[in-house]
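Peer 1: Give me a 3D structure for the following:
(2 chains)
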Amino acid sequence: MRGAGLAAAAAALLFGATLASAAEPQPELPALVLQSHCDECHTLSSVLIGPPFIAVALRYRAEGDTAAEVLARKIIAGGGGNWGVVPMVPNERVSLADARTMARWILTLQAK
Amino acid sequence: MSNRTFFARAALAAFATGGATLALTAAGATAGRVVDLNDHGLAGAMVTLTKAAGAPGPAATTVFTDGQGAFVLPDSAPGGTLSARLLGYAEVAGARSPAPGLQTPLMLIMRAEANQAGVAPASAWLAHMTPQQDREQLVMACVACHQMPAPEVRAYAKVIDDTPQARSAAAHEQSWAAIVQQMNLISAREFSRNSSAPSTNVYSGGDPGPTAHLLAEALVGPMQELKGYEYGAPLAVTAKTVIREYAVPEPNAIREAITLYDPGSLWVADVSTNRIMRVDTASGAVHNIELPGARLVGPHTLVRGRDGLWIGPFFPGVISHLDPKTESWKMWPLAPVAGHPIGVHDLSFDTNHELITDRHGRIWFSDIANNAVGWIDTHSGRTGSYAVPPVAGRIGNEQIYGLAMSPDRTHIWYAQLGIGCFGSFDVDKLRFDAEVTLADRDAGPRRISMAEDGILYLALYGSGQLAAYDTHAGRMLGIYDLPDRASAPYSTTWDPRRKVVWITTSNADALYRFDPKTQGFGVIPLPRERAFLRSVNIDPYSGALVTSYANIVQHVRGPRMAVIVDLGDELPKVAALAARQP
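Peer 2: This is a model prediction of the structure:
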């Protein structure tokens, strides 16, 4: 692990720059999304840790009328299935009402 | 009420619907028993009174049952709700005794419960992690900010376990790597709070791989059940021990809490803002005192001085002093060293844990940003800085951290958290002296303190041990395994009146006591999950232990409370200290 640690330190010189830009505020996101810390994994249109919100919108709009409710539940429960092997963290402290509000906002997003 | 027994007439007007929690409506002496379903008294149970909203006093008051399961809450305890906590037991839902209107002593009923999840501390989940070195690396990588595994970490482990696509070993590591990346992003934001420029300061070194590997190794399965955790040493509490927890308004990120020369006031550092909070220990009222100026300081380290409160910052470059009577500030900006801002961590203190200068009037400090020791003369404003020499074979990530001054004021001792080393600096000759290298690079010597006899006590965060080093003889007296090796001991504090060492833990929801004479440990369990401790101080009058649940950074969940542990050992009051009050 010590060798890996040294490698990590070297990698930090490269990765750090990427991380710093990702750490920049995302004022384009609604306050509720920021307060819920969604911006720690998602941006509007580029991959950070999770998929961009616009990609989520494209995926879930296909569900039709149930999309907002399913997405709201997914925000709270977490889990995988759409974006590779890494599941989303559960967000059990987010209320169902807030999750529905955020889900509805996500579903309004359009690809540019 | 004269017999200290609480009867139904005192106020059992309503019952909570869950557990053995009872609602009280009036303050007053409250006594009772904690029993199992066979009516046997349960010893060592924590009985916590959470005060009713709007009532004055601590947010929660906790006492311990005696050998027969009896407990007595202090006269001053406010009205509120009662609950009990004991390893290996759970409250019995719906239990209610006494019935309203009956002259029956108050009773809390618990049942044996093998599953300790939610009662045992986070450290319990790491008890069987091997090899030891992996556990050390995990503690060092993660517990600096939050307990590991915190409940939400365990929740994610369950999601991984439940997700079909994530069940391979590679997917496990990828999943945890995503979490490490998230933590890195949070830490970068945290260190950017005082700057318009994004920070690249990330805890895992930027590459999530090594930490993700450790997480995937340690956090396997749904993590819903835990059995067999024990404190590892006898309880160091009695039926007279009282723990008072004081909440402060959010948002906040309490770093440290201490008392000065007025036991009625707790002083609390809020690292998320530019304020110090004063908490009235009788009423619980919180008074905010803002640091002057627009510059974000983030009060971090608090040190009791005979002339008031000394404060080290989270963000580099300033030492502050608050006069508690006038609430007036003095601040000393520190010029960067060779262009690098000074990251003050610890200020020099004596065996009473009070700020002390060397014989030339200089306050010394550890400079974590430059891996240096430095000084400031607060009268002249002059400063000095001395980089710690490189340690052979352990270059990089040194992280100088704890600092203490020798009783003769000729040396400061410092710990280097990141490389398992500590050493001394001669403040008269201005040169480095001793250099001690622990066998284990990840041992993690963190905060340190020194006894009157020159014995230096070091909390070994990574390895879960206590080191005792004779600074006169220049030899290690012993490295002692703590009762819980995954406890992440953050600091030591020498107790000059009891002649023992107190050790805070970040991951075990407990305080440890070490007696140098017997070389034995005792445990003070704390009544709250995520009781992430950093420093502990001894109140100069009462001898009470003063600490805090220091869940920083701001994103970290968990309680943010100042805590006073009155051991109930009735130490004689120290009259001499009164003369030292400013």
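
Peer 1: going forward, measure contacts and count neighbours with C-alpha atoms only.
Peer 2: Will do.

Peer 1: Do a quick rundown of the helices in the stretch 51-200 of chain B.
Peer 2: Secondary structure of the stretch 51-200 of chain B (DSSP state H, counting those that start in this stretch): helices at B:132-142, B:151-162, B:169-190.

Peer 1: likewise the stretch 201-350 of chain B?
Peer 2: With DSSP H, counting those that start in this stretch as the criterion, the stretch 201-350 of chain B has helices at B:209-218.

Peer 1: what residue ranges in it are flagged as low confidence?
Peer 2: Applying pLDDT under 70 to the stretch 201-350 of chain B flags the ranges B:201-206.

Peer 1: Can you tell me the centre-most residue of chain A?
Peer 2: residue A:42 (3.1 Å; Cα atoms, centre = their mean).

Peer 1: ok, so what distance separates that residue from residue A:52?
Peer 2: Distance from residue A:42 to residue A:52, counting by Cα to Cα, to the nearest Å: 5 Å.

Peer 1: any weak-confidence spans in chain A?
Peer 2: Using pLDDT under 70, chain A drops low at A:1-24.

Peer 1: what about the helices in chain A?
Peer 2: Under the criterion DSSP state H, helices of chain A are mapped to A:2-22, A:31-35, A:53-61, A:67-77, A:96-108.

Peer 1: re the thing from before, for the helices of the stretch 51-200 of chain B, give me a markdown table that also has mean pLDDT, distance to chain A and mean neighbour count.
Peer 2: Shown next, in a markdown table, are the helices of the stretch 51-200 of chain B (pLDDT from 0 to 100; distance: least, Cα to the nearest Cα, whole Å; neighbours: other Cα atoms under 10 Å in any protein chain shown):
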| stretch | mean pLDDT | distance to chain A | mean neighbour count |
| --- | --- | --- | --- |
| helix B:132-142 | 94 | 8 | 21 |
| helix B:151-162 | 95 | 6 | 21 |
| helix B:169-190 | 90 | 5 | 22 |
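
Peer 1: Between these, which one is closest to residue B:461.
Peer 2: helix B:132-142 (7.2 Å; Cα to Cα).

Peer 1: quick one: residue B:463 from residue B:134, how far?
Peer 2: 10 Å.

Peer 1: list the buried ones in stretch A:29-42?
Peer 2: Within stretch A:29-42, the residues scored as buried using 16 or more other Cα atoms under 10 Å in any protein chain shown are A:33, A:36, A:38-42.

Peer 1: Then stretch B:373-392?
Peer 2: B:373-377, B:385-386, B:388.

Peer 1: So of those residues, which two are at opposite extremes in space?
Peer 2: With Cα to Cα as the measure, no two of the buried residues of stretch B:373-392 lie farther apart than B:377 and B:388, at 20.4 Å.

Peer 1: can you tell me how far residue B:434 sits from chain A?
Peer 2: According to Cα to the nearest Cα, to the nearest Å, residue B:434 stands 26 Å off from chain A.

Peer 1: ok, residue B:333 - how many residues close by?
Peer 2: Neighbour count for residue B:333, taken as other Cα atoms under 10 Å in any protein chain shown: 12.

Peer 1: Now it: closest residue in space, sequence neighbours ignored.
Peer 2: residue B:318 (4.3 Å; Cα to Cα, 6 or more residues apart in numbering or on different chains).

Peer 1: What's the local residue count around the nearest residue to residue B:71 once chain neighbours are set aside?
Peer 2: Nearest non-adjacent residue to residue B:71, counting by Cα to Cα, 6+ apart: residue B:65, 4.6 Å away. Residue B:65: 25 surrounding residues under other Cα under 10 Å.

Peer 1: quick one, what contacts residue B:65?
Peer 2: For residue B:65, the contact set (Cα atoms under 8 Å, 6 or more residues apart in numbering or on different chains) comprises B:33-34, B:42-47, B:71-72, B:238-239.

Peer 1: Same question for residue A:107.
Peer 2: By Cα under 8 Å, 6+ apart, the residues touching residue A:107 are A:56-58, A:60-61, A:68.

Peer 1: try 7 Å this time
Peer 2: A:57, A:61 (Cα atoms under 7 Å, 6 or more residues apart in numbering or on different chains).

Peer 1: Near residue A:63, how many other residues are there?
Peer 2: The number of residues near residue A:63, taken as other Cα under 10 Å, comes to 12.

Peer 1: Distance of the closest residue to residue A:57 other than its chain neighbours relative to residue A:68?
Peer 2: Closest residue to residue A:57 apart from its sequence neighbours, by Cα to Cα, 6+ apart: residue A:107 at 4.7 Å. Residue A:107 sits 7 Å away from residue A:68, going by Cα to Cα.

Peer 1: Identify the residue spatially nearest to residue B:499, adjacent ones excluded.
Peer 2: The shortest distance from residue B:499 to any non-neighbouring residue, by Cα to Cα, 6+ apart, is to residue B:515 (7.3 Å).

Peer 1: Hmm, that neighbour is touching residue B:503, no?
Peer 2: No: counting by Cα atoms under 7 Å, residue B:515 does not reach residue B:503; the two are 11.1 Å apart.

Peer 1: Need the residues touching each of those two.
Peer 2: With the criterion set as Cα under 7 Å, 6+ apart, the contacts of residue B:515 and residue B:503 do not overlap.

Peer 1: Compare neighbour counts for these two and give me the winner.
Peer 2: residue B:503 (31 against 14).

Peer 1: Please identify which helix or strand holds that one.
Peer 2: Using DSSP states H and E, residue B:503 maps to strand B:500-505.

Peer 1: Mind listing the strands that strand pairs with, and their directions?
Peer 2: Paired with strand B:500-505 in the same sheet, following DSSP bridges, are strand B:489-495 (antiparallel), strand B:510-515 (antiparallel).

Peer 1: Which one, of these, ends up nearest to residue B:51?
Peer 2: Nearest of the strands paired with strand B:500-505 to residue B:51, taken as Cα to Cα: strand B:510-515 at 22.3 Å.

Peer 1: tally of neighbours for residue B:44?
Peer 2: As a burial measure, residue B:44 scores 25 neighbours (other Cα under 10 Å).

Peer 1: So it is in contact with residue B:68, correct?
Peer 2: No: between residue B:44 and residue B:68 there is no contact under Cα under 7 Å: 9.3 Å.

Peer 1: Against chain A, how distant is residue B:324?
Peer 2: Distance of residue B:324 to chain A, computed by Cα to the nearest Cα: 35 Å.

Peer 1: Enumerate every residue touching that residue.
Peer 2: By Cα under 7 Å, 6+ apart, the contact list for residue B:324 reads residue B:308.

Peer 1: same thing but at 10 Å, please
Peer 2: Taking Cα atoms under 10 Å, 6 or more residues apart in numbering or on different chains, we find residue B:324 in contact with B:260-262, B:265, B:267, B:278, B:289, B:307-309, B:582.

Peer 1: likewise residue B:236?
Peer 2: B:44, B:511-513, B:521-525, B:567.

Peer 1: Great, nothing more from me.
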